[in-house]
Structures are given as C-alpha cells and as structure tokens.
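Peer 1: Let me see the structure of the following:
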Amino acid sequence: MINKIFFVILISLFCINEGTAKEVQKAKSIKKRLNDIEIRQNLQSNDILELQESIDELNQTYNKIDQCSEVDLNRDRRLKEKTNNREYENNNILFKAFKEEKAWIRAEIEEQKSTVNRIDLQFKALQDNFDISINKVIGRVDILDNNVELILDKNIKMINESISIISERLASEENRMKRQMAKIEKLGKAVDSIEKECKKFSVTLNDFESKTDDKIMKIREILATIPSCPSNWLQFSGNCYHLYKWEANIDSAVKVCSNENAFVADFQSEVELQYIRSIINLDQNIWVGITDREEEGNWKSLRNEKQIEFSNWEKGQPNNFFAGYDEGCAVMYHDSGLWHDYRCSHTFAYICKKVVPL
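Peer 2: Okay, here's the model as predicted:
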C-alpha cells in the first residue's frame, strides 16, 4: 500500500515538473518572439499589432501559469501530508524557483507593455509630423498653383499683345507688298519699253560696230607705221625702259644696256623720276646713270657724258663718305626716291633706257 502511494506521488511530481517545464519553455519561446519584435520595430503599425497579439498570448499563458500554481499548491498540501520533510523541502525549492521565473516573466511582460506604449506614442508623433508636413506641402502646392495661374495669365496677356503687334505689322507689310507689286508692274512695263528701245539700239549698234571695225583696221594700219618699244619694254614720253632685278656693279650694268643699244637710265625730270619709281615696285635700290669719276663733284650723265641738269640728292649728299674710297656713282633709294653716292663696285638693280626706235 505504501509503495502504491509512493508511486502515485512520483507520478504526480513528474506531471507537475513536466507541466512546469512546458510552460517555462513556452514562456522562453514568447520571450524570443518579443525580442524579434523589438528588433523589427520600425514604427510600422503592422509590427505594433503583431506585438500586441504576442502580449495577449503571453497574458493568457500567465493566467494558465497562475491556474497551474493553484493546482500545484493543492497538490503540495496533499504531498506534505503524505511525504516526509525532506521531500517537501525539495518540492518547496522547485516551487520557489518556479515563482521566481514567473516573477521574471511578469516583469518582462510589463517592460514589453511599456515598450509597446512608447512605440505607439512615437508612431503617433511621427504620424502627426507627417500630417503637418503633408499640410505644408499642400499649402505650398496651392501657392504654386496660384503663382502658375498668375504667370500663365501674364504670359497669355503678353502673347495676345504680341499677336496684336504682329498682326498690325503683317497688315503693314501686306500694304507695303501691294505697293511694291504695283511698282514692279510699272517696272515691268518700263522693262518692256526698254527692250523695245534696246532692239532699236541693237540695230544701230550693229551698224556702228561695222563702221567701227573699219576704223579700227585703219588705225591698226596707221599704228603699224608708228615707232614702238621692243617686247617686254615699257614706253614713256618717247623713251623705252626695261628693269633688271639682278644686281650688278655699274660697269656690268652699262655693258648689259649697251648690248640692248641702251644706257643706264638717268632721270632728266621729276616727272620721269616718279614714273621710274612707279615701275620699280620692289624693295631694291637702283643705279642712277650718272658719275663723277672723271672729276670729283662734277656729275655727268653716262648717256652723253654731259653735266646733269636735274638731280634729287638727299640732304648732305653726295658726301664721298668712305675715306680712301671713291664714291663716284649714284644710287636711288626705292622708298624715298632720293639719291646717294656709292662706290661703283657695289651691286644694285638697274634700268636700261633708250629712245623709241624710228
């Protein structure tokens, strides 16, 4: 009989311990879920609802634990009557541990409730801020709409004014084009009249050309009998001129000109000098066909060895500048047309001159 009672007591203790372990395991599972909910709390209303449901479930579990505690107390009374003091103390230790765990779970539940309330308040604050921001945006949009309407009205007014101005200009341009067309019609009539006159003039011109051709033939016959300069020579005032750009001393220049039945050009007047300057057209100085090699200071023409009557010396020239050297020849500077005395061994460009052959 005693063995049966002891066996029943063991089975009861096993059931109590097993039931308590399941409830503790379930509480731990709920605690883990609460931790997961805390990690995912990003001010989302769905997470708050899920957390509230978990708290409700935890409260139900807490109620079950309380019910189980009452059952355990009843069982504890029966066991106290049927077991010795040592077994009672062991069970009492287990019961105290269970109460401490229950107290911890209750504290966790209160803390989670506080967290939920805080999250709810933060969510409401964010929602209020969001509503305020939305209202501000709507206000700004309304202001922008008003400004857009004002700008559109202003632009439409400007466009209408521009259209009016353009219409007036188009009307004015149309009138101007009509006047131009009238002038063109008059001009067309005038052109027709001119064409008729041109036809008459063409007949007269043909007759004139025929007579002119006859006169040109006669002029050519007359010109064929008039003396002229050789090819590549220029004619001016009864003389022929040919420019040699290749530089040579005065004696070589005299020889080349002599082979052409000519002489190195001397300038007998201001008119001739200016003509020579006009045909030079190069950055070269040229010989003047005069010399004082026979008698210092007595300048004579190479053409006829007579004393010159015209000169164009630069101020202070001739000066026979180089001591020990006889500057017995003359050069005209291309830029000024003024003359300088030089040694005859220098080399310059030159112009050959001769009388137009008869």
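
Peer 1: Tell me the first helix or strand C-terminal of the helix or strand encompassing Q60.
Peer 2: With elements taken from DSSP states H and E, the one containing Q60 is helix 45-82. Per DSSP H and E, the first helix or strand lying C-terminal to helix 45-82 is helix 85-224.

Peer 1: Now do the helices in the stretch 251-358 of the chain.
Peer 2: For the stretch 251-358 of the chain, the helices defined by DSSP state H, counting those that start in this stretch occupy 270-280.

Peer 1: got any ranges where it has weak pLDDT?
Peer 2: 321-325 (pLDDT under 70).

Peer 1: again, 90 this time
Peer 2: Across the stretch 251-358 of the chain, residues meeting the criterion (pLDDT under 90) sit at 278-284, 295-297, 319-327, 334-335, 357-358.

Peer 1: residue boundaries of the strands in it?
Peer 2: For the stretch 251-358 of the chain, applying DSSP state E, counting those that start in this stretch gives strands covering 263-264, 286-291, 300-301, 329-332, 339-342, 348-355.

Peer 1: To I279, which of those strands lies closest?
Peer 2: Each of the strands of the stretch 251-358 of the chain has some distance to I279 by Cβ to Cβ; the shortest is strand 348-355, at 8.0 Å. C-beta: built from backbone N, CA, C; applies to glycine.

Peer 1: mind exporting that closest one as PDB, just the C-alpha atoms?
Peer 2: Extracted in PDB, the C-alpha atoms of strand 348-355 (Å, rounded to 0.1, in the frame of the first residue of the first chain):
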ATOM      1  CA  PHE A 348      72.300  97.200-107.400                       C
ATOM      2  CA  ALA A 349      69.400  96.600-109.700                       C
ATOM      3  CA  TYR A 350      69.200  98.900-112.700                       C
ATOM      4  CA  ILE A 351      67.000 100.200-115.600                       C
ATOM      5  CA  CYS A 352      68.100 100.300-119.200                       C
ATOM      6  CA  LYS A 353      66.800 103.300-121.200                       C
ATOM      7  CA  LYS A 354      66.700 104.100-124.900                       C
ATOM      8  CA  VAL A 355      64.900 106.300-127.300                       C
END
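
Peer 1: quick one: buried residues of it?
Peer 2: Judged by neighbour count using 16 or more other Cβ atoms under 10 Å, the buried positions of strand 348-355 are F348, A349, Y350, I351, C352, K353, K354.

Peer 1: quick one: contacts of that strand?
Peer 2: Outside strand 348-355, the residues that touch it by Cβ atoms under 8 Å, 6 or more residues apart in numbering are 238-248, 250, 253, 256-257, 260-266, 276, 280, 282, 284-287, 289, 303, 331, 342.

Peer 1: Can I get the buried part of those residues as one ChimeraX selection?
Peer 2: In ChimeraX, this line selects whichever of those come out buried by 16+ other Cβ under 10 Å:
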select :239,240,241,242,243,244,247,248,250,253,256,257,262,263,264,265,266,276,280,285,286,287,289,303,331,342
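
Peer 1: how far away is the residue sitting nearest the centre point of the chain from V148?
Peer 2: Centroid-nearest residue in the chain: N155, 31.0 Å away (criterion: Cα atoms, centre = their mean). Distance from N155 to V148, counting by Cβ to Cβ, to the nearest Å: 10 Å.

Peer 1: that older thread, just give me the closest of the buried residues of strand 348-355 to D192.
Peer 2: Using Cβ to Cβ, the shortest approach to D192 within the buried residues of strand 348-355 belongs to I351, at 58.8 Å.

Peer 1: Could you measure from the closest one over to P230?
Peer 2: I351 is 14 Å from P230, where distance means Cβ to Cβ.

Peer 1: now swap in Q307 and tell me
Peer 2: Taking Cβ to Cβ, one finds Q307 at 30 Å from P230.

Peer 1: wait, what's in contact with R220?
Peer 2: Going by Cβ under 8 Å, 6+ apart, R220 touches no other residue.

Peer 1: From D214, how far out is it?
Peer 2: Distance from R220 to D214, by Cβ to Cβ: 11 Å.

Peer 1: now do M181
Peer 2: When M181 is compared with D214 (using Cβ to Cβ), they lie 49 Å apart.

Peer 1: Domain boundaries for this protein, per the record?
Peer 2: 2-139, 234-355 (automatic domain parsing).

Peer 1: which strands and helices sit next to the lengthiest strand in the chain?
Peer 2: Scanning the chain for the strand with the most residues, using DSSP state E, yields strand 239-248. Judged by 3 or more Cβ pairs under 8 Å, 6 or more residues apart in numbering; DSSP states H and E, strand 239-248 is in contact with strand 234-236, helix 250-259, helix 270-280, strand 348-355.

Peer 1: So for K26, what pLDDT did the model give?
Peer 2: Looking at K26, its pLDDT reads 64.

Peer 1: Quick one: residues contacting H340.
Peer 2: Contacts for H340 (Cβ under 8 Å, 6+ apart) come out as W313, E314, Q317, P318, A330, V331, Y333.
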